[in-house]
Structure formats: structure tokens, C-alpha cells
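A.B. asks: Predicted structure and sequence below. I'll ask about it afterward.
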Amino acid sequence: MSENEQPKEAEKTIYERDKTAKEPKPAADGPIAPIKPKPKIKKAFVAKKKTFTTDKPMEHRVRNIRMTSLESSKMIWETIVDYQKDLAQMEVDDPDKPYHDWEKVEKFFTRFAKKYSVCVSKALGGSLGWVHKEINTASETMNQELIDIIMKTDKFKIPKPIKTKLGFHIIMICESQIHIPKEKVKDEEKPFYF
């Protein structure tokens with residue numbers, strides 16, 4: 001081969017080109033742009049709501065605002081529910097946002113209880129402690145009618161004001177757990193929280 005001659009292509013190449021692939025068409029106004037890979041879309045974690053059923057008795061940590069008139073109790077209930085809705089509408093990238101919102105609502109509820117409640121639990125922010133079916137109803141803070149309503153109420157919901165012989169109640173279920181009577185509690189046994 002001399003210096004002026006160009007190398008020749010072999011008649012039969014080892015690798016055959018794929019004849020089914022489409023030829024890239026050059027753009028009319030410029031060179032071919034490189035094809036960028038599509039980004040993978042990451043799915044956001046969404047916690048599934050699990051229901052918990054048990055035949056064991058439950059107990060709830062409850063807060064209460066007792067009022068003497070229906071109008072005032074409805075007004076306070078609407079204020080608390082509106083605050084809860086406003087918190088839910090705020091967009092934050094926190095996966096624990098519902099729980100943080102519920103803590104804020106509980107603090108808001110506590111402030112209202114300390115200011116407006118006529119119950120003796122007013123000094124404790126309306127806290128009635130842990131309530132279960134077998135609780136003593138001889139106190140002036142609760143009666144059996146209110147306890148039955150508390151046991152039927154869902155967690156994280158504030159029901160409309162409830163009328164009892166004691167007055168109008170706005171209740172809030174803060175926590176729930178399985179009730180273990182005090183006589184049966186051992187050092188290694190602890191209640192199950194959810």
C-alpha cells in the first residue's frame with residue numbers, strides 16, 4: 001500500500017448491521033441532539049390506614065371542655081374544627097404531618113379548656129385521664145352516658161358537642177390503648193399503644 005492510497009473496506013464484515021433499526025434523521029437546522037434518559041418517578045410513601053380489632057377492653061386518654069350552653073359549645077367546637085382543617089390544608093413535606101397537626105390541635109384544645117371550661121378538669125387543660133368502661137362514674141367530671149359516647153368515638157376526630165346531665169361536652173380522644181386492670185399488671189407487661 002502506498003502513501004497516497006486509502007485503505008479499502010472489506011467486502012464482508014464480521015459484524016452485520018441491524019437492518020431493522022431506523023436511521024437517525026439529522027435535524028434540518030443543526031446536529032443531532034443526544035437523547036436524554038427519562039427520569040424514574042419515585043413514588044411517595046403513603047402510610048396505609050390499618051384497623052386494629054381486639055376483644056380486650058380499650059381505654060382512651062381524653063380531653064374535655066364542658067360548657068353550660070349549646071351555642072357557646074358549638075362556637076368553640078367550630079373554632080377547633082376549623083383550626084384542624086386549616087392545619088390539614090397546609091402543604092408540608094413532612095411524612096409525620098398528621099401526627100404533628102394532631103399535637104397542635106391538642107395544644108389548641110388545651111388552651112380553650114383552660115380558658116372556657118366549667119369542669120374541674122379545667123386546671124389540667126380538660127384532661128380526664130385514661131377512660132375505660134369499668135371506670136368509677138361517681139365523680140363530677142363524668143357520668144356513664146359520657147363514658148359510653150367516649151368509647152364509641154374514633155381517635156383523631158372531635159365529635160359535635162354532646163349533651164349530658166352535667167352540661168355540653170366537647171371531647172377529644174388523644175390516645176388509645178388496651179386496658180389492663182391494675183391487679184394484673186406485671187413488671188414485664190406493658191400496655192399496647194396505637
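C.D. replies: Received it, and whenever you're ready, just let me know what you need.

A.B. asks: Tell me which residue lies nearest the centroid of this protein.
C.D. replies: residue 98 (3.4 Å; Cα atoms, centre = their mean).

A.B. asks: so what's it scoring on pLDDT?
C.D. replies: As summarised for this prediction, residue 98 has a pLDDT of 81.

A.B. asks: Name the single longest strand found in the protein.
C.D. replies: Longest strand in the chain by number of residues (criterion: DSSP state E): strand 167-178.

A.B. asks: Tell me how many other residues crowd residue 176.
C.D. replies: Per other Cβ atoms under 10 Å, the neighbour tally for residue 176 reads 19. Backbone N, C-alpha and C define where each C-beta goes, glycine included.

A.B. asks: Please look at it and residue 59 and confirm they touch.
C.D. replies: Yes: applying Cβ atoms under 8 Å, one finds residue 176 in contact with residue 59, separated by 7.3 Å.

A.B. asks: Report the set of residues contacting both of these two.
C.D. replies: Common neighbours of residue 176 and residue 59 are not found (criterion: Cβ atoms under 8 Å, 6 or more residues apart in numbering).

A.B. asks: So what sits opposite residue 65 in the bridge?
C.D. replies: Beta bridges link residue 65 to residue 170, judged by DSSP bridges.

A.B. asks: give me every residue that touches it.
C.D. replies: Here residue 65 is in contact with 73, 76, 109, 112, 113, 116, 117, 119, 126, 169, 170 (criterion: Cβ under 8 Å, 6+ apart).

A.B. asks: Do I have it right that the last one meets residue 73?
C.D. replies: Pointing back at residue 170 there. Yes: between residue 170 and residue 73 a contact is recorded at 5.9 Å, counting by Cβ under 8 Å.

A.B. asks: Give the residue from those two that has the larger number of neighbours.
C.D. replies: residue 170 (26 against 22).

A.B. asks: ok, that one - contacts?
C.D. replies: 64, 65, 67, 73, 76, 77, 80, 158, 161, 162.
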